[in-house]
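Undergrad: 3D model of this:
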Amino acid sequence: MNKFLSSLEKSLPIVFGLCVFLYFGLMYPHHLHYQEQFQLFLTTPAFFLEMAAKPGGISDYLGSFLTQFFLFSWAGAAIIALLLMSMQWLIQAIANKIRPARAWFALSFIPPVFYWILLCNENFLTGGVVSILVALGAWLVYFYFNNATARKLYVVLAIPVIYWIAGGSAIFFALGCLTVEWFKAQSARGRILTSGLFVLMMGLCLFTAKVIQPQYPFARLVYGTDFFRFPKSYPSGVWVMWLFCLIIPLSRLVLPSVFKKAQNQTLARMITSIAIVCTGAYMITINTDKAKEDIMAYDHYVRMQQWDKAIARADRETPSSPLSVACLNLSLCKSGMMSDNMFRYYQNGLQGLIPGFARDFTLPMVTGEIYYHLGFINTAQRFAFEAMESLPNYWKSGRAVKRLAETNLINGQYPVARKYLAILNNTLFYKAWANYVIPFLEDEALIDGHPEWGNLRKHRTKTDFFDSEQEKDMMLGILLQQDLTHYMAYEYLLAYCLLTKDLERFVQYFPLGRELHYARLPYSYQEALLYHWSLNHEDPFRTVPYPISEDVMRNMTTYQNLYLNSSDPEEVLKKNHSGTYWYYLHFR
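TA: As a prediction, this is how the structure comes out:
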């Protein structure tokens, strides 16, 4: 049994790392994409100096460096797995330095599992993990000094260095070293002097940081590192994490290292292992936000213009949140499927077509994609800028800067576009794109020949108008009137009328699409036109002036009969008719 447990314990860190890797690679990949898009890591010395100028800034810099690789979800999953495996190894190594005890090996997994739980929240940043690893590494080095004076001198000198590199994680480093020294000290006087010296040094660090950086609130200087995206509302989870990193290794001072009976040691190893695995799995499960991951997935597909993946995801499970539906509708429109298939998926009104503006950093980024592809270039530019400037930690966004470069290029604002491209030229993964775009600057023919930018330049708004959240149909109408071959503007205008159930305007706007030369009348248009005609005409199937297919007519006859003759028509019609416009009209 002991041999089996020993083999299991040796493989447990690898199994743990593999679980983290598969979790973020398979279940949470788009949370990693979300992290990457809201930062901009630059390879310039000025960027490093700006980050390193505050306590914990170097950890933020290293965390930001690692986060840029989250653009590729499997690379991000591997990085997080290695970071959490390193945390477990350091805690176990420190605990063994305090007192070896194989029975309590599983306890070293508590802090990394807890941080795994924290990382399920998309607002916890990678710099926080780096900060804790720096402090743990420094604590491990402490044990390699055999001389008491050398150990104390090392701690005194290390506290300010660790504080500036890792921020508040220096607190549990100082407390951990102090506790070990307290147990090693031979006299009460030595303990008091050591405690006073360590506390004084930590206090001097905080006081000096406040003098050097008076613009920061004191609480933020205590944390230092940007563990959390919202610096004004640090969650208690950070303090709990520090407490775990301190208590787990120090628990070796009080837990028995040798058991009188071998069976008791085996029992302790089994109970702790099972308890940590079960509790950790449960906590990770309840903290996994699948709804947010779903929205982030659709947003990522739209960002990367992977329209087919967004539609395939909706085919597996239809989205219901406004942002997901908006991304799906954009994907359908870009794939030429919107007017036929829009109502086969759940629709939740105008918020699922073009969401309204909100003063945050997520919604404008998604909505801006829709405005961009429609040709509202100035609105897309404003939304990208608003999203970036709304980031609560005041960082910049690689995705937003890239969009700002594109919008200024399309608008002919070449000096401004060049400014943004120069910024991207100092990144690792946007540099190639920036170099690709530079030849387009001031080359009108080259831009006009580009399949995306040339098309958007052709369809973009060319007249001034009032940008109104309440009159998006008027905006779409102005866009369409400039160019009646603008397919997306026409589809979105008619979708707007259908979603607001304004069939009078739908019929009024419908003839504007004759320049588009549809091979056949889309199904949702047939259903809406036939229904509207039936309201005011007898024998609509014979007199309807639109090319309505026989299938749609038969479908409407069946729908009418069930709707009029059922006690619960919504439930009866749901099975075979929920994908029709009529069902949306009556029940959504």
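
Undergrad: Buried residues in stretch 230-247, which are they?
TA: The neighbour-count check on stretch 230-247 (16 or more other C-beta atoms under 10 Å) flags 231, 234, 237-238, 241-242, 244-247 as buried. Quick note: C-beta positions are derived from backbone N, CA and C, even for glycine.

Undergrad: so which of these would you say is closest to residue 361?
TA: residue 231 (13.8 Å; C-beta to C-beta).

Undergrad: would you list every one of the helices in the stretch 351-500 of the chain?
TA: Per DSSP state H, counting those that start in this stretch, the stretch 351-500 of the chain carries helices over the ranges 363-374, 377-389, 398-410, 414-424, 431-437, 444-448, 453-459, 472-482, 487-499.

Undergrad: how much space between residue 172 and residue 493?
TA: 59 Å (C-beta to C-beta, to the nearest Å).

Undergrad: And residue 365, by the same measure?
TA: According to C-beta to C-beta, residue 365 and residue 493 sit 24 Å apart.

Undergrad: Tell me where the model's unsure across the chain.
TA: Applying pLDDT under 70 to the chain picks out residues 1-8, 186-191, 258-264.

Undergrad: domains for it, by residue range?
TA: Domain assignment for the chain by automatic domain parsing gives 2-288, 291-459, 519-588.

Undergrad: and residue 387, what does it touch?
TA: Residues near residue 387 by C-beta atoms under 8 Å, 6 or more residues apart in numbering: 360-365, 368, 397, 400.

Undergrad: again, only this time at 7 Å
TA: 361, 364-365, 368, 397, 400 (C-beta atoms under 7 Å, 6 or more residues apart in numbering).

Undergrad: One more: residue 220?
TA: Residue 220 neighbours (C-beta under 7 Å, 6+ apart): residue 231.

Undergrad: Going toward the C-terminus from the host helix or strand of it, what's the next helix or strand?
TA: Under the criterion of DSSP states H and E, residue 220 resides in helix 218-223. Following helix 218-223 in sequence order, the next helix or strand is helix 237-250 (DSSP H and E).

Undergrad: helices and strands around that following helix, which ones?
TA: Counting by 3 or more C-beta pairs under 7 Å, 6 or more residues apart in numbering; DSSP states H and E, the packing neighbours recorded for helix 237-250 are helix 73-98, helix 110-119, helix 126-142, helix 169-184.

Undergrad: outside of that helix, which residues touch it?
TA: 91, 94-95, 98, 107-108, 110-111, 114-115, 118, 132, 136, 169, 171-172, 175-176, 179, 223, 227.

Undergrad: what do you get if the cut-off is 6 Å, keeping everything else the same?
TA: With contact meaning C-beta atoms under 6 Å, 6 or more residues apart in numbering, helix 237-250 is reached by 91, 94-95, 98, 107, 110-111, 114, 118, 172, 175-176, 179, 227.

Undergrad: any idea of the angle it forms with helix 73-98?
TA: 40 degrees (axes from the mean of the first three to the mean of the last three C-alpha atoms, to 10 degrees).

Undergrad: Kindly calculate the angle that helix 237-250 makes with helix 110-119.
TA: Using the same axes, to 10 degrees: helix 237-250 against helix 110-119 is 170 degrees.

Undergrad: and helix 237-250, how far out from the chain's middle?
TA: 26 Å (C-alpha atoms, centre = their mean, to the nearest Å).

Undergrad: follow-up on the earlier one: make CSV out of the contacts of helix 237-250 and add distance to residue 41 and neighbour count.
TA: As requested, the contacts of helix 237-250 are exported to CSV (distance: C-beta to C-beta, whole Å; neighbours: other C-beta atoms under 10 Å):
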residue, distance to residue 41, neighbour count
91, 28, 24
94, 31, 23
95, 34, 22
98, 37, 18
107, 35, 23
110, 31, 21
111, 26, 26
114, 27, 19
118, 22, 19
172, 27, 23
175, 32, 21
176, 31, 23
179, 37, 17
227, 18, 30
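
Undergrad: Show me which of those residues is closest to residue 146.
TA: residue 98 (14.9 Å).

Undergrad: That closest one is in contact with residue 251, isn't it?
TA: No: Residue 98 lies out of contact with residue 251 (C-beta atoms under 6 Å); the separation is 8.9 Å.

Undergrad: sorry, back to before: which of the helices of the stretch 351-500 of the chain sits closest to residue 15?
TA: Taking the helices of the stretch 351-500 of the chain one by one with C-beta to C-beta, helix 398-410 is closest: 34.3 Å.

Undergrad: Can you tell me what sits against the closest one?
TA: 37, 40, 377, 380-381, 384, 387-388, 416-417, 420-421, 423, 430, 453, 456-457.

Undergrad: Indicate which one of the helices of the stretch 351-500 of the chain is closest to residue 542.
TA: helix 487-499 (24.8 Å).

Undergrad: out of the helices and strands packed on helix 237-250, deepest packed?
TA: helix 126-142 (a mean of 24; mean count of other C-beta atoms under 10 Å).

Undergrad: How far does that one sit from its chain's centre?
TA: So, by C-alpha atoms, centre = their mean, the centroid of helix 126-142 is 25 Å from its chain's centroid.

Undergrad: what's the distance between residue 385 and residue 82?
TA: Relative to residue 82, and taking C-beta to C-beta, residue 385 is found at 36 Å.

Undergrad: Same check on residue 558?
TA: Counting by C-beta to C-beta - residue 558 and residue 82 are separated by 59 Å.

Undergrad: how far out from the middle of the chain is stretch 492-500?
TA: 30 Å.

Undergrad: Now do the contacts for residue 319.
TA: Counting by C-beta under 6 Å, 6+ apart, residue 319 has contacts 325, 328.
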